[in-house]
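1. Here's my sequence, what's the structure:
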Amino acid sequence: MPHGPSSPNAICVKLTLHSSVFSLAEPPNPTPRITSLSEHAHPEDDGDAEAPDPRLAGAFRAWLEALATDPDAATAAAMAYESLAPDGRDAWLDAIEVEAPLVPVPAIALYAPLLGVETDERRRARIDAALASGSVQLPRARTFRALAGHEPSGVCVAVIVVPLYLDFVELLVCRYEPDVGIQSARRGPLLRATDVTEGAVLLCELGGATLTEVPFPRVVEDLAHALMADVRRGRPPPEPLRTYDFLFTLDLGYQDGRDHG
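-> Next up, the predicted model:
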């Protein structure tokens, strides 16, 4: 059963879940110019090179610190890194290697946004090695959460709160009919867990549907039925659900008592 309105564990979504939430706006603070800082990663390359501007170095370190707590900064890092040419990505990694020991945040905060968009095996191996040798911070014990409801047309709507790393979560929003298939699936922006799960508000509105918190396994079960309906019709699952296909292999240990015969 959903939590009552007074429950401190009820999901509180502190943003309007309209389509605009999936459009990543320009970050309020521009990303520092990485190549300027990376010039001092290998000072022996040019003995006459000027030292980096300490103000720029300070701004860059402050921005790196923000990657541990600010979802906008982490999103901007991923987008900026993804837009770079291969040599630009190498320069970014060079800069982080130099600055990481000077920044009081775990390595996962610096590298996770990059790992999420990097496809080159050599750079992925480099990031993995940096994570293995860097500071470690165990993730907080969190569970998946879910909101669910119905549009006026009867289509089911579900929002799954997916814990990622540190205090960051992502929203997976699905529209579906269990016996017909998945109509759409979208990944929302990176958020802090406290932006989603703090407070006692039970309801949120999405596309005309009133969503309430429900047991997470129930939503997974319904989505699995919808995916099987798509399989029977020869339709592939939407990309966001392929990304989170592990949801359907979890041992949920859940029985909702409904008659599915």
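2. Could you pull out the helices in the stretch 151-261 of the chain for me?
-> Secondary structure of the stretch 151-261 of the chain (DSSP state H, counting those that start in this stretch): helices located at 193-197, 216-232, 239-243.
3. mind giving me CSV with those and columns for mean neighbour count and mean pLDDT?
-> (C-beta placed from N, C-alpha, C; glycine too.) As requested, those are exported to CSV (neighbours: other Cβ atoms under 10 Å; pLDDT from 0 to 100):
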stretch, mean neighbour count, mean pLDDT
helix 193-197, 18, 72
helix 216-232, 18, 90
helix 239-243, 15, 82
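4. Export these to CSV and append columns for distance to Glu65.
-> Written out in CSV, the entries for these read as follows (distance: least, Cβ to Cβ, whole Å):
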stretch, distance to Glu65
helix 193-197, 18
helix 216-232, 32
helix 239-243, 28
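5. Mind checking those helices for the one nearest to Gln183?
-> Of all these, helix 216-232 sits nearest to Gln183, with 8.7 Å by Cβ to Cβ.
6. so what does that closest one touch, helix or strand wise?
-> Where contact means 3 or more Cβ pairs under 8 Å, 6 or more residues apart in numbering; DSSP states H and E, helix 216-232 is packed against strand 145-150, strand 156-163, strand 168-177, strand 181-192.
7. Would you reformat these as CSV and include mean pLDDT and mean neighbour count?
-> Formatted as CSV, the helices and strands packed on helix 216-232 follow (pLDDT from 0 to 100; neighbours: other Cβ atoms under 10 Å):
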stretch, mean pLDDT, mean neighbour count
strand 145-150, 87, 21
strand 156-163, 88, 22
strand 168-177, 89, 22
strand 181-192, 87, 18
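8. Can you lay out the ones you listed as TSV showing distance to Leu64?
-> As requested, the helices and strands packed on helix 216-232 are exported to TSV (distance: least, Cβ to Cβ, whole Å):
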stretch	distance to Leu64
strand 145-150	29
strand 156-163	22
strand 168-177	15
strand 181-192	16
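9. Show the contacting residues for Glu170.
-> Applying Cβ atoms under 8 Å, 6 or more residues apart in numbering, one finds that Glu170 lies in contact with Val161, Val162, Leu164, Arg187, Gly188, Pro189, Leu190, Leu191.
10. buried set for the host helix or strand of Ala76?
-> Per DSSP states H and E: Ala76 is located in helix 71-83. Of the residues in helix 71-83, those buried under the neighbour-count criterion (16 or more other Cβ atoms under 10 Å) are Pro71, Asp72, Ala73, Ala74, Thr75, Ala76, Ala77, Ala78, Ala80, Tyr81.
11. can I get the CA coordinates of the helix or strand containing Arg126 in CSV?
-> Assigned by DSSP H and E, Arg126 falls within helix 121-133. What follows is helix 121-133 as a C-alpha-only set of coordinates in CSV (Å, rounded to 0.1, in the frame of the first residue of the first chain):
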residue,chain,number,x,y,z
GLU,A,121,38.1,1.2,-24.6
ARG,A,122,41.5,2.7,-23.9
ARG,A,123,40.1,5.8,-22.2
ARG,A,124,37.6,3.6,-20.3
ALA,A,125,40.5,1.5,-19.1
ARG,A,126,42.3,4.6,-18.0
ILE,A,127,39.2,5.9,-16.1
ASP,A,128,38.8,2.4,-14.5
ALA,A,129,42.4,2.5,-13.4
ALA,A,130,42.0,6.0,-11.9
LEU,A,131,38.9,4.9,-10.0
ALA,A,132,40.7,1.8,-8.7
SER,A,133,43.6,3.8,-7.3
